Every structure is written in structure tokens, then in C-alpha cells.
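**Student:** Need coordinates for the below:
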Amino acid sequence: MAELIHLSYGETKAVITTEGAQLVSFMNGDGREKIWQADPAVWNQHAPVLFPVCGAPKDGKVIIDGVAYAMPKHGFTRVNPVFERSAYGPDFVELLLRDNEETHACYPFCFDFLVSYELFDHGIRTSFRVKNRDQKTMPFCVGGHPAFICPMEENAVFDDYDVIFSEQEDGVIAATPGGGAIDGEEKLPFFHDGHVLPLNHHEIDIRDSWLFSGLNSRSVRLENRKTGHGLTMHFPKMEALAIWSAGGKNADYVCLEPWHGIPATRAESGRFEDKPFVTLLSPGETYVTWFDVIWDR
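**Tutor:** Coordinates of the predicted model:
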């Protein structure tokens, strides 16, 4: 049965559920919730973790050793398996998902997938650790899908906010019609100054998401251009970033999704090992990656 785990570090507080290993609440002293509260009429998730794929696989399948396996979009961890608590302290928790009969049906490997959360002053680190317990090389992708309440302040609206990239970018996104496989690319006409992407529900709706798969940046800032208030996300080992909000809902949240992996491309073979940014993990080896989110004080 799922449980809620409460963490605290000074004024910084978070709640994690073992169901899907999701962050479900974060507050840092100002009394305002920072994480989307999973309104089922809009989108019933908080901050899914993505494994062993990010985005949609080709034709809903991955090919492993010549065999096609049905694989859900974003993998099986967001379908809410219950993780077990493997380590815990006042300001951190580590949650473990081991392979089982259900995972073997779509991903025939023995693995440990560990998700940990660690609080610090006005921020939280989300870490992913993947261990290959199998006797063969294991391909995988991994990523985060946190949804942040936006607007973050009173008397603000969604369109007051910009996503600001730390490095010079060209504003080109991978086109994912209907949230499926990548089919071409587009240069966003409203991306400006090489760094600034204004949020706009309509522009997200007509593209499903904004997926940056050729990033120079490894950090972004979500900021109210009128007040300068916001949050910063660092993802030093992640190559891609998706920006998304539920289509047609004008929802008061935005997902900033750092990914080590991207959806299938129309032209790819479907073989897991051919996916862009895939990690091929040798038997007995462990891979670690993470991202940090820090809110202004």
C-alpha cells in the first residue's frame, strides 16, 4: 500500500508518495504550494518519474533482442507502481523499484531503479540511480516530469512567465504531433534573444509540447517577467527539456521536464539501443543522474 513521506529542512518542506515515487507537495516558507495538485479534471499527476523511456516509443513498442515489447508512453513507472522505502531521514528519502513480473512483460531485464529526494534551503534534488542486475547490457532512458503551479504569485497569470535558458539557444524544437513520435522540427517564432521563451497556453496547445532536444543549456529559469520572481532548475547530465501543460485546459501549471532520452523518431529502427541519448548499461554497472529545483526566497 502506498504511503506519504514528509520531509523537512528548516522552512523547506516536501511530501513524497511511494506510489510512482512522485513529489506531491513542496513549500519553502511563504505558505504557497509549489507543486500541481493533480486535479483529475485537468491532469491527475504531480511529478511523474520516467523510466525506461522518455516520451512515446515508436508504434507503442520497443524492440529488444529482436522481440517487440509493448511499452507505455514515458515507460511503466508513471503508471504508479508502489516503490519501497530503502533509505530515509528527516530531509531525504530513497525509494526503490525492482524488476518484477509486470515489468518483465515490457522490459525483460533485472534492475534496481532508485529515486531519491533531498531537501536543501528553498530547494530539492531529485536523483535517479539505475543498476543493471542482469547478465546482459541494458538500454534505458530516464527523466523527470514535475508540474509547477503557474502563476506562482497572486495577481499574476500564466502568460506573465518566461522560461529563460542559461546558454544561447536557437529556439528549435522537435515536432511531436499529438504527443507521439518526433516528426521533423520547428523554430519557434516567439523565442527571442537566444534565451527567452514566453509561456502561452495557445502556443503549447497547437504543438502538444515544446521539446528541446539539442540544448546547449543545462539550466533554465521560470520567471515572472513583471516581478522577477520564480524558480531555477539545474539538470547537468540531461540532454533534453520538454515544456508542457495539458492541452485545451488553460491549466495553472507548467511542466519543466529534464530528460536523458527523447521520444521515438519516425525514421528510427525501433530497436531500443538505437534511441537517441540511450544509455547502454553493462552488467553490474550503475548510472546516476539528477536535477535540482530552487525557488526564490
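
**Student:** residue boundaries of the strands in the stretch 51-200 of the chain?
**Tutor:** Taking DSSP state E, counting those that start in this stretch, the strands of the stretch 51-200 of the chain run over residues 61-64, 67-70, 84-89, 92-98, 111-120, 123-132, 138-140, 142-144, 147-149, 161-165, 172-174, 185-187, 196-198.

**Student:** Let's have those in JSON lines, adding distance to residue 286, mean neighbour count and mean pLDDT.
**Tutor:** (C-beta placed from N, C-alpha, C; glycine too.) Converted to JSON lines, those look like this (distance: least, C-beta to C-beta, whole Å; neighbours: other C-beta atoms under 10 Å; pLDDT from 0 to 100):
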{"stretch": "strand 61-64", "distance to residue 286": "20", "mean neighbour count": "19", "mean pLDDT": "96"}
{"stretch": "strand 67-70", "distance to residue 286": "23", "mean neighbour count": "13", "mean pLDDT": "97"}
{"stretch": "strand 84-89", "distance to residue 286": "14", "mean neighbour count": "12", "mean pLDDT": "97"}
{"stretch": "strand 92-98", "distance to residue 286": "13", "mean neighbour count": "20", "mean pLDDT": "98"}
{"stretch": "strand 111-120", "distance to residue 286": "8", "mean neighbour count": "20", "mean pLDDT": "98"}
{"stretch": "strand 123-132", "distance to residue 286": "5", "mean neighbour count": "20", "mean pLDDT": "98"}
{"stretch": "strand 138-140", "distance to residue 286": "11", "mean neighbour count": "24", "mean pLDDT": "98"}
{"stretch": "strand 142-144", "distance to residue 286": "12", "mean neighbour count": "27", "mean pLDDT": "98"}
{"stretch": "strand 147-149", "distance to residue 286": "28", "mean neighbour count": "22", "mean pLDDT": "98"}
{"stretch": "strand 161-165", "distance to residue 286": "30", "mean neighbour count": "22", "mean pLDDT": "98"}
{"stretch": "strand 172-174", "distance to residue 286": "29", "mean neighbour count": "20", "mean pLDDT": "96"}
{"stretch": "strand 185-187", "distance to residue 286": "34", "mean neighbour count": "11", "mean pLDDT": "96"}
{"stretch": "strand 196-198", "distance to residue 286": "35", "mean neighbour count": "19", "mean pLDDT": "98"}
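
**Student:** Which among those strands is found nearest to residue 220?
**Tutor:** Among the strands of the stretch 51-200 of the chain, the nearest to residue 220 by C-beta to C-beta is strand 161-165 (5.5 Å).

**Student:** got a list of contacts for that closest one?
**Tutor:** For strand 161-165, contacts defined as C-beta atoms under 8 Å, 6 or more residues apart in numbering pick out 150-152, 194-199, 215-217, 220-225, 230, 243, 254, 256.

**Student:** same thing with stretch 289-296?
**Tutor:** Under the contact criterion C-beta under 8 Å, 6+ apart, stretch 289-296 has outside partners 26, 28, 34, 122-128, 142, 144, 146, 229-238, 258, 260.

**Student:** OK, contacts around residue 16?
**Tutor:** 4, 5, 7, 22, 23, 24, 93, 95, 117.

**Student:** Checking my notes, it in a strand, right?
**Tutor:** Yes: secondary structure assignment places residue 16 in a strand (DSSP: H, G, I helix; E, B strand; the rest coil).

**Student:** Could you check how far it is from residue 208?
**Tutor:** According to C-beta to C-beta, to the nearest Å, residue 16 stands 28 Å off from residue 208.

**Student:** Ok, residue 78 next?
**Tutor:** 17 Å.

**Student:** could you flag which of the contacts of strand 161-165 are buried?
**Tutor:** Taking 16 or more other C-beta atoms under 10 Å as the criterion, what is buried in the contacts of strand 161-165 is 150-152, 195-197, 199, 215, 217, 220-224, 230, 243, 254, 256.

**Student:** So for this protein, the centremost residue is which one?
**Tutor:** The centre of the chain sits closest to residue 144, judged by C-alpha atoms, centre = their mean, with a distance of 2.0 Å.

**Student:** Show me where the protein has its helices.
**Tutor:** For the chain, helices defined by DSSP state H occupy the ranges 101-104, 201-205.

**Student:** The first one: which residues count as buried?
**Tutor:** It stands for helix 101-104. Quick answer for helix 101-104 (16+ other C-beta under 10 Å): residue 103.

**Student:** neighbouring contacts of it?
**Tutor:** 76, 81.

**Student:** same check, this time on the longest one
**Tutor:** Contacts of helix 201-205 from elsewhere in the structure, counted by C-beta under 8 Å, 6+ apart, are 158, 159, 188, 190, 210, 243, 244, 245, 247, 248, 250, 251.
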